[in-house]
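Student: here are the coordinates; sequence isn't available:
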């Protein structure tokens, strides 16, 4: 197996694929990951805020049925395996972007899979905020909106950045699975060449690049989280 893997013919073909496919694959992977993460945050951040602020003892209590429906919907979407969710999202992707396959179409199931996850991460971050700070803001007459925007979210920025980093790396992993249904990026290269054509060296290279991208996102996210932590600035 290793003789075939490292044969001159295999290496030559691998180099040809690297030159013709990998640069575009990296770009498509980054494009899908960044766009899907941004949209997931746009949807998930308000939902995560509602999960905390809308509780009975929260700053903006919502009717119990509303909170129950919100929790059920988020839990249901999180429980569906991503591969099945991609297939289920075909009609919606076709409705939004005009096709169910391709790089752009893969963003739709990625967002659907990611925004409930982001909502739970936001919920976790907001629950770390010191309740005494919120009570102080309430005693000073701050409105619920002011408490959310000027107290809860700013105080949880380091945790939010850390959790958003987790979301990015998770979505990056999901994007690789998009190659199964015709999505672009490194996942498509790994599947089309590494799996269907038994070119394992190409698959290994695609996996290594995905690992490198994850490490880059993780390092940047961790650094931003540390820099935004006011508790560390005083040390």
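Tutor: The structure has been received and is ready for your questions. Being a predicted model, the structure only gives us computed values, none of them experimental.
Student: Just confirm residue 155 contacts residue 133, I think it does.
Tutor: Yes - between residue 155 and residue 133 a contact is recorded at 6.3 Å, counting by C-beta atoms under 8 Å. Every C-beta, even on glycine, is put in place using the N, C-alpha and C of the backbone.
Student: This structure: helices as residue ranges?
Tutor: All helices of the chain, identified by DSSP state H, fall at 2-5, 8-17, 23-53, 64-79, 82-88, 90-97, 107-126, 131-139, 144-147, 153-155, 157-177, 186-189, 200-228, 230-233.
Student: out of these, deepest packed?
Tutor: helix 186-189 (a mean of 27; mean count of other C-beta atoms under 10 Å).
Student: for that helix, the distance to its chain's centre please.
Tutor: The chain centre lies 18 Å from the centre of helix 186-189; the measure is C-alpha atoms, centre = their mean, to the nearest Å.
Student: again with stretch 72-89
Tutor: Computed by C-alpha atoms, centre = their mean, the chain-centroid distance of stretch 72-89 equals 14 Å.
Student: now do the same end-to-end measure for that stretch.
Tutor: Criterion C-alpha to C-alpha, to the nearest Å; first-to-last residue distance in stretch 72-89 is 19 Å.
Student: Contacts for it next, please.
Tutor: 47, 51, 106, 108-109, 112-113, 115-117, 119-120, 174, 177-178, 180-181 (C-beta atoms under 8 Å, 6 or more residues apart in numbering).
Student: got a list of what the residue nearest to residue 191 when sequence neighbours are not counted touches?
Tutor: Among residues not flanking residue 191 along the chain, residue 179 sits closest, at 4.3 Å (C-beta to C-beta, 6 or more residues apart in numbering). Residues in contact with residue 179 (C-beta under 8 Å, 6+ apart) are 185-192.
Student: just residue 97 next, same as before
Tutor: Per C-beta under 8 Å, 6+ apart, neighbours of residue 97: 104-105, 107-108.
Student: change it to 7 Å
Tutor: By C-beta atoms under 7 Å, 6 or more residues apart in numbering, the contact set of residue 97 is 104-105, 108.
Student: Kindly report the same for residue 58.
Tutor: residue 52.
Student: And it, how close does it get to residue 25?
Tutor: 45 Å (C-beta to C-beta, to the nearest Å).
Student: coming back round to it: next, format the contacts of residue 97 as CSV and append pLDDT and distance to residue 97.
Tutor: Formatted as CSV, the contacts of residue 97 follow (pLDDT from 0 to 100; distance: C-beta to C-beta, whole Å):
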residue, pLDDT, distance to residue 97
104, 87, 5
105, 87, 5
108, 91, 7
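Student: Mind putting those into JSON lines with distance to residue 18?
Tutor: As requested, these are exported to JSON lines (distance: C-beta to C-beta, whole Å):
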{"residue": "104", "distance to residue 18": "24"}
{"residue": "105", "distance to residue 18": "26"}
{"residue": "108", "distance to residue 18": "29"}
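Student: Go through the residues you listed and name the one nearest residue 128.
Tutor: Closest to residue 128 out of the contacts of residue 97 is residue 108 (31.7 Å), distances taken as C-beta to C-beta.
Student: Surely the closest one is in contact with residue 94?
Tutor: No - taking C-beta atoms under 7 Å as the definition, residue 108 is not a contact partner of residue 94, at 9.1 Å.
Student: ok, now which ones touch residue 229?
Tutor: Residue 229 neighbours (C-beta under 7 Å, 6+ apart): residue 158.
Student: low-scoring pLDDT stretches of this protein, where are they?
Tutor: For the chain, the stretches flagged by pLDDT under 70 are 1-10, 230-235.
Student: hmm, try it at 50
Tutor: Low-confidence segments of the chain, defined by pLDDT under 50, are located at 1-3, 234-235.
Student: out of everything not next to it in sequence, what's closest to residue 31?
Tutor: For residue 31, the spatially nearest residue (C-beta to C-beta, 6+ apart) is residue 103, at 7.1 Å.
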